[in-house]
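Colleague: My questions are about this predicted structure, shown below with the sequence.
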Amino acid sequence: MSLQDKMRERARELLESGAVNMVIGWEKGTFWYLSPPAFITTPEEADRLVWDEFCLNNLSKYLLDYRNTDDKIALFVKGCDSRNVVRLLQDNQFPRERLYLLGIKCPGLKDSRAASLLGEEKRAELPLAPKCVGCTHPEPVIYDELLEAGVSGDLGSPEKRFEDVEKIEAMSYDERYAFWVNAYARCIRCYACRNVCPACDCRECIFDRTQTGWCGKQMGLTQNMFFAITRALHVAGRCTECGECERVCPQRLPIMTLNRKIIKELNALFGPYEAGVSLEAKPPVVEYRPDDPDFEERR
Amino acid sequence: MYKLATEKLPELLQCWSQGATVYVPQKVGEVTLFRPFKGQGDLALGEGNTLEPPKDLFFPRTEKLYDYWASGKEARLEPVELHPDRAVLVGVRSCDARSFLLLDQVFLTRGYVDEFYKKRRENTAVVALACTQAAPTCFCTSFGIDPGRAEGVDVQMWPVPGGYLLEALTPRGEEMLKQASGLLAPAEGEKIPAPAQPSLQVELEGLVEKLQKMFDHPYWGELSRKCLGCAICTYLCPTCHCFDIDCETIETSGYRFRCWDTCLFAHYTLMAGGRNPRPTRKERLRNRLLHKLQYFVERYGQFACVGCGRCLELCPVNVDITKVIRDVKEVSL
């Protein structure tokens, strides 16, 4: 039985038995290279579910939409998605007992933008999705049952994730400033990066409080930079590197480079840490420890 | 009808740059955008749309309306000078050209003329470029748009082997071709290429009437589950034109401005007392789609969609307006 068939079967069973009243997975979109989120609420609809190399959306974000309901939800999670579930559980954003996790060993997904340009005849040769390069956890870290997937592809060495950060670190201050100004001058503040991010779980975002004067609504470099820096620092220690922010950015801004710079700094300051890998390990910036590596230095 | 050799394109843009700023699609990083031509840059006049529509030339993302100063009981207002610079917009596709006519309806008709928009519109010549290949996301022909010939433009260009054909459609366009006559050759025996034929189509017959009965339909709730509530579809839409007015004050002086806003954001309809008549994504996404496909038609007799396909291409969760149109025709009331 293919993974897709297994997904449909389990979704149908979970809905029929009443164990859950909604299954969140993926379905086929407008084009062969799109597999957007699907919300299945009746057993008959379970056959809409698909599994293919374009199931890129991190579905854990949607739990926030149901945090104040009584819905019991079954969620399909790849490795990266599962880490966000851990983060949401740690932040008490969703009760574990209303959640049923169907884990998928992720083989690494494909770049849907490249697919749209290359055409379906090149489907077998598509590059890995940029967000999957150097993935450290293709297997879910939390689940109620584990569904297998295809053979795990070569996702590249985890060090590859920091290549872009190192390129920028090698620049002079002026070059770095020019690099970021150049990028964020193009930001249209559509907030897709924030809205897709499962680490962005604030009830009300600072950038939606437009009357406070913190960040004006005008479209300008100052506001864009303020947004970029604030967003990156707000997810510090909580970013699981699922890469959704960068994937959805219409301007293709290097958002993950910012996130990974912060991850690199956190590792250096507080010791190695990966967000959302363990329910017990506390994120470095929400915990005080006298044995933090930088403690002596700061004293 | 005239012909321009491909290698003379920069010279043509240079020529039109005299006394005006020429905006032309250029590669910026990994995307294509209309940018001022400065004699260099990576021109991108091949097939396909720019990431951002050119509407910000007429309706900038942020526009200052007036300056003010206040201290004690004294106050002063200072109007800003209306945008005086001339511009030439080169490489506009038929879909985006239609969007200008739709924006004209909003900003110039029904008893109010928006002077800021009007001035920019008058000061800008538009040179269209015909499409000979459609992207999978293109569906302009469904709205009666001809990808091979744009409406309401000054000059129409067609790509042909070795260059471009140019035809003036207005006195201003004729003037522009005269200005560039040294670069152009009469196009004898040249055939206008066949227009692109988008394979994506939507059937609009009966759509408005159906939508008029669907305001409370559960369809909108289902559709909006996956919507992220971001502004990609609105900010990259050539016809979306909503704005907010706000001010920036530092001590005793400041300025009032308007800037793009989007009905997909919660604070778009947030009232001063805290009530929000569009409290969830269901109401907001419904509003966007009904504005395009029903309200605009009721007010102006035209759809506020031009089939450029940007929202379809870039929506992170594949909210597809063509699928919405098909779904709406099928759902039972």
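Modeller: Happy to help now that I have it. Residues are numbered from 1 along each chain as shown, chains lettered A, B, ... in the order given.

Colleague: And the average pLDDT for the host helix or strand of residue B:69 is what?
Modeller: Element membership for residue B:69, per DSSP states H and E: strand B:62-71. Taken as a whole, strand B:62-71 has a mean pLDDT of 94.

Colleague: what angle sits between the very next helix or strand once past that strand and strand B:62-71?
Modeller: Moving toward the C-terminus from strand B:62-71, the next helix or strand (DSSP H and E) is strand B:74-79. Relative orientation of strand B:74-79 and strand B:62-71, computed by axes from the mean of the first three to the mean of the last three Cα atoms, to 10 degrees: 160 degrees.

Colleague: Tell me the strands beside strand B:74-79, with direction?
Modeller: strand B:62-71 (antiparallel) (DSSP bridges).

Colleague: Other residues contacting the partner strand?
Modeller: Under the criterion Cβ atoms under 8 Å, 6 or more residues apart in numbering or on different chains, residues A:218-220, B:75-80, B:116, B:245, B:247, B:252-260 lie in contact with strand B:62-71. Bear in mind the C-beta positions are built from the backbone N, C-alpha and C, glycine included.

Colleague: So residue B:119 versus residue B:73, what's the distance?
Modeller: 34 Å (Cβ to Cβ, to the nearest Å).

Colleague: Could you check which of the two has the larger neighbour count?
Modeller: Neighbour count, other Cβ atoms under 10 Å in any protein chain shown: between residue B:119 and residue B:73, residue B:119 has more, with 16 against 5.

Colleague: what angle sits between the strand or helix carrying the more buried one and strand B:62-71?
Modeller: Per DSSP H and E, residue B:119 falls inside helix B:115-122. Angle, helix B:115-122 to strand B:62-71, by the same axes, to 10 degrees: 140 degrees.

Colleague: Which secondary structure state does residue B:166 sit in?
Modeller: In three-state terms, and counting by DSSP: H, G, I helix; E, B strand; the rest coil, residue B:166 is strand.

Colleague: Specify the beta-bridge partners of it.
Modeller: So, taking DSSP bridges as the rule, residue B:166 has residue B:2, residue B:157 as bridge partners.

Colleague: My guess is it contacts residue B:1. True?
Modeller: Yes. Under the criterion of Cβ atoms under 8 Å, residue B:166 makes contact with residue B:1 at 7.2 Å.

Colleague: what kind of secondary structure is the residue nearest to the spatial centre of chain A in?
Modeller: Per Cα atoms, centre = their mean, the C-alpha nearest to the average position across chain A is that of residue A:242, at 3.2 Å. Of the three states, residue A:242 takes coil under three-state DSSP.

Colleague: That one and chain B, how far apart?
Modeller: 13 Å (Cβ to the nearest Cβ, to the nearest Å).

Colleague: Roughly how far does the nearest residue to that residue once chain neighbours are set aside sit from chain B?
Modeller: Once flanking residues are discounted, residue A:242 sits nearest to residue A:80: 4.0 Å by Cβ to Cβ, 6 or more residues apart in numbering or on different chains. According to Cβ to the nearest Cβ, residue A:80 and chain B sit 15 Å apart.

Colleague: give the contact list for residue A:80.
Modeller: A:58, A:106, A:131, A:135, A:137, A:240-243.

Colleague: Same question for residue B:84.
Modeller: Neighbour list for residue B:84: B:119, B:123 [criterion: Cβ under 8 Å, 6+ apart].

Colleague: wait, does the helix or strand bottoming out on mean pLDDT in chain B contact chain A?
Modeller: Lowest mean confidence among the helices and strands of chain B (mean pLDDT, DSSP states H and E): strand B:243-250, at a mean of 92. Yes. For strand B:243-250, a contact with chain A is found by Cβ under 8 Å from any Cβ of the partner chain, at B:244, B:246, B:248.

Colleague: got a list of contacts for that strand?
Modeller: Contacts for strand B:243-250 (Cβ under 8 Å, 6+ apart): A:210, A:216-218, B:59, B:65, B:68, B:254-261, B:268.

Colleague: Extract the CA atoms of that strand and return them as PDB.
Modeller: Below are the C-alpha coordinates for strand B:243-250, written out as PDB (Å, rounded to 0.1, in the frame of the first residue of the first chain):
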ATOM      1  CA  PHE B 243      -5.600  52.400   0.900                       C
ATOM      2  CA  ASP B 244      -5.400  53.700   4.400                       C
ATOM      3  CA  ILE B 245      -4.800  57.300   5.500                       C
ATOM      4  CA  ASP B 246      -2.500  57.900   8.500                       C
ATOM      5  CA  CYS B 247      -0.100  60.500   9.800                       C
ATOM      6  CA  GLU B 248       3.400  60.600  11.100                       C
ATOM      7  CA  THR B 249       4.100  63.300  13.700                       C
ATOM      8  CA  ILE B 250       7.400  64.200  15.200                       C
END
